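Q: quick one, structure for this:
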Amino acid sequence: VMAATNRPDILDSALLRPGRFDRQIVIHLPDVKAREEILKIHSRQKPLADDVNLNHVAKSTAGFSPADLENIMNESALLCARRRHKKITAQDVDDAILKVIVGVEKKSAVKIPKDRRITAVHEAGHAVVSRFLKNQDPVHEISIIPRGMAAGYTYYVPSEDKQHMSKKEILDSIVGLLGGRVAEEVVLDDVCTGASNDIEQATKLARAMITRLGMSDTFGMMALETQSGQYLSGDSNLVCSDQTAARIDVEVKQIIANCYEQAYQILSDNKEKLHETAKVLLEKETITGMEFMAILAPNQLPSAETEKAEEKPEEKPDDSADDVEVK
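A: This next block holds a predicted model:
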């Protein structure tokens, strides 16, 4: 007898004892090599243009399931047909990935100039802050065209698959998430409702650092929270006293405040680049990562390669690239 479930934590233990289901095999999400092979399978009967690099597509789809990858290739074919292309282009594939991650593009949506400017400033804030962080993925595309439930988006492509995140990487992620709200404050001298999802994600990361990941200076290696359903985003339950729970709230607030201050400092020091990025977004609505880097004048920016090399002895230079948003 063979069976499958994504909730092994709620199965009756009597069902799993020897003689019934003897062997349990955990199926993880595919790594980059497996994703490339899966993409090859689902593109066999589809004509691909010369600019489509399945290895690049595999690298830019970290965390995608095989069903997601199949959906991407099917959506690419549909976009190709609608645009009357003879072959599926790299742009068709990129748009299909965004459609799967964020939602359908809504070019016909009517946005008043004030809302367009707020969105442009918000997304520019995400991008500029992320570029000056050591542990953030490079920006691939920025847009103020609504997709799904989002008024705009900043899309990042990870440089590699990561099984673990360091404390510094998590803190940089929080700083990047807060960049949109900080940009509103720096440029518009006001804040709006567009950062609600960013705030929610930042709070979850900060809370997980303290309660489940042992990254708190106050509580150290204590496990203060349990999470039901390791394969799904199950409910979390605190396993501590009310006094400790109150102290957790204080520390979460402090982490977010420190990250907010870091984002504010970055955008204050690079206010001109923030304004320029927002201006180009208002003109073009969508800009690529290369166009964004051209705005920032990369030859004047501290590159991650240079910083890493400076941290190591001269006789052993580090050539690794950790260049510094689908969400």
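
Q: next, count neighbours for the nearest residue to Gly63 once chain neighbours are set aside.
A: Counting by Cβ to Cβ, 6 or more residues apart in numbering, the nearest residue to Gly63 once its immediate chain neighbours are dropped is Leu29, at 6.2 Å. Just so you know, the C-beta spots here come from the backbone N, C-alpha and C atoms, and that holds for glycine as well. By other Cβ atoms under 10 Å, 13 other residues sit near Leu29.

Q: what residues are up against Leu29?
A: Taking Cβ atoms under 8 Å, 6 or more residues apart in numbering as the contact definition, Leu29 lies against Gly63, Phe64, Ser65.

Q: of those, buried ones?
A: Among the contacts of Leu29, those classed as buried by neighbour count (16 or more other Cβ atoms under 10 Å) are Phe64.

Q: which of the contacts of Leu29 fall in strands?
A: Of the positions in those, not one sits in strands, assigned by DSSP state E.

Q: name the nearest of the contacts of Leu29 relative to Asp190.
A: The closest of the contacts of Leu29 to Asp190 turns out to be Gly63 (Cβ to Cβ; 34.9 Å).

Q: re the thing from before, any idea which of the contacts of Leu29 is closest to Gln163?
A: Closest approach between the contacts of Leu29 and Gln163, by Cβ to Cβ: Gly63, at 11.1 Å.

Q: distance check, the closest one against Asn71.
A: Here Gly63 is placed at a distance of 14 Å from Asn71 (Cβ to Cβ, to the nearest Å).

Q: do Gln254 as well
A: With distances taken as Cβ to Cβ, Gln254 is found 41 Å from Asn71.

Q: now for Pro158, which secondary structure element holds it?
A: Element membership of Pro158 [criterion: DSSP states H and E] is none; it lies in no helix or strand.

Q: an error on my part: the question was meant for Lys168.
A: When secondary structure is defined using DSSP H and E, the element that contains Lys168 is helix 167-183.

Q: just the helices in this structure please.
A: Under the criterion DSSP state H, helices of the chain are mapped to 32-42, 54-59, 66-82, 90-101, 113-131, 167-183, 196-211, 242-269, 271-284, 289-296, 304-311.
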